[in-house]
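S.K.: I'll drop the sequence and a predicted model, then ask my questions.
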Amino acid sequence: MTLTPKVAFLAFAISFGLCHAQDMDPSKWKPGQVLSETSEDMGFGFRLVEREVVNPASHWEGIGHFAFFYFREQQLCQCSRTEVSISPSGKYALLKDGRSGKLLLFNAPLNRFTEVTKKYVGSPEKFEWREQDGKATITLFQERKRGNKKASPITIALP
């Protein structure tokens, strides 16, 4: 028995709809289940992937919203768009790792990280690349008492 293109498409649409409907029914969700995922090409082999994931029942939020920064297929960090910057040449990426808070420099051709800081020192506000001079500067903002913010730049030498 051969299916006509219309029948084949209808069968696909129904099965897709049933699978999608199951994803939309919270009673069928399992912790760790990815409900949606988007991937944005950021150039030079880098991409930002955002996922909505079902959290365990004990978690305060039913659905977690997470962002991950990748180089090709390698996950570099769990971090948001504002916590990463790619150099104009695409050779480097500066990022704040979401789990450790460390600032890291990723060298794409060598596939190697260099620690810029050993711990959390602030959130990136601005990135400035001066590859021709072999330098990059990250301006960080640190929360102080009563909501005051203090800017503090870190200049690093590029390998």
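M.R.: The structure has been received and is ready for your questions. Numbers count the residues shown, from 1 in each chain.

S.K.: who touches the helix or strand harbouring residue 93?
M.R.: If you go by DSSP states H and E, residue 93 is part of strand 92-96. Outside strand 92-96, the residues that touch it by CB atoms under 8 Å, 6 or more residues apart in numbering are 46, 69, 71, 76-77, 79, 83-87, 102-108, 116, 123-124, 127, 129, 131, 136, 138, 158. In this view, the C-beta of every residue, glycine as well, is placed from N, C-alpha and C.

S.K.: quick one: residues contacting residue 56.
M.R.: residue 31.

S.K.: which regions of this protein sit below the pLDDT cut-off?
M.R.: Applying pLDDT under 70 to the chain flags residues 1-23, 144-148.

S.K.: identify the bridge partners of the most centrally placed residue in it.
M.R.: Geometric centre of the chain, nearest residue: residue 68, 2.3 Å, by CA atoms, centre = their mean. Counting by DSSP bridges, residue 68 is bridged to residue 49, residue 78.

S.K.: which parts of this structure are helices?
M.R.: 5-24 (DSSP state H).

S.K.: tell me where it has strands.
M.R.: 34-43, 46-54, 63-71, 74-78, 84-86, 92-96, 103-107, 112-115, 123-130, 135-143, 149-157 (DSSP state E).
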